[in-house]
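Student: how does the following fold in three dimensions:
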Amino acid sequence: MPLAVDSFVMGPFQSNCYVVRTERGAPEAAIVDPGGDPSGLRLELARMGTKPGGILVTHTDVDHIGGVAALADGTDTEVWAPAGEVEALRSGSTRGGMAVTPHEPAHTVSGGDRITVGGIPFDVVDIPGHSSGHVAFHHDGELFAGDLLFAGSVGRVDLAGGDWETLLDSVRALLDAYPPETVVYPGHGPATTLGRELATNPFLSELRAELQP
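Tutor: This next block holds a predicted model:
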């Protein structure tokens, strides 16, 4: 069964925060990348009849962790953050000199880990490129991929820890590991699929030439 996924756009950078449940009406949800003031999100969760069962962080840029501390502390919810970037969350100092409220996550994760949050088993996948320790969370054909890949675009690589060839390698690895119908829930903009992006994304022309007959 597909997950029940609701998207909420948060903060000045218009980043996607996802509320992910096993089904509509599930009492707990995995919250992915709460990037802004979570006050409105908490009201929506109450309206939906659910509560945070855990907070997942794909990477520690300000627009993806800006609301982590407030949501975690305000709801007594544990956080899973990428091991390679966790110091930004712990210190409250993110790339570009942007500050967030510091938070010590209960868990750190790396590629190959398998976790269960909100009753949902997720595989953790390393996807560096946009940032050095970026991870994605995969469950049964649905991929929460942060800022690696967007509908028609890709994540920026001009900040510290970003690298274009590494980003392409990460996209290539996803295309090798998962079928084209895999749904990608990105950090900004609408959902897409791996196959659609391979076929149409102008930033993936190099991979398209390499992988398509």
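
Student: and the strands in this protein, which stretches?
Tutor: Remark: strands assigned in the chain by DSSP state E are 4-10, 15-21, 28-32, 51-56, 79-82, 107-109, 114-117, 120-126, 135-139, 142-146, 149-150, 153-154, 183-186, 192-193.

Student: so where do the helices sit in the chain?
Tutor: Shown for the chain, the helices assigned by DSSP state H span residues 39-48, 62-65, 68-75, 86-91, 164-177, 194-200, 205-211.

Student: format those as JSON lines; extra columns: mean neighbour count and distance to Val124.
Tutor: Any C-beta I mention is one placed from the backbone N, CA and C, and that applies to glycine too. Output for the helices of the chain, formatted as JSON lines (neighbours: other Cβ atoms under 10 Å; distance: least, Cβ to Cβ, whole Å):
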{"stretch": "helix 39-48", "mean neighbour count": "14", "distance to Val124": "23"}
{"stretch": "helix 62-65", "mean neighbour count": "27", "distance to Val124": "16"}
{"stretch": "helix 68-75", "mean neighbour count": "19", "distance to Val124": "17"}
{"stretch": "helix 86-91", "mean neighbour count": "18", "distance to Val124": "13"}
{"stretch": "helix 164-177", "mean neighbour count": "17", "distance to Val124": "13"}
{"stretch": "helix 194-200", "mean neighbour count": "17", "distance to Val124": "18"}
{"stretch": "helix 205-211", "mean neighbour count": "12", "distance to Val124": "23"}
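
Student: okay, the residue nearest to Thr58 when sequence neighbours are not counted: pLDDT?
Tutor: By the measure of Cβ to Cβ, 6 or more residues apart in numbering, the closest residue to Thr58 outside its immediate chain neighbours is Gly146, 3.1 Å from it. The predicted local confidence for Gly146 comes out at a pLDDT of 98.
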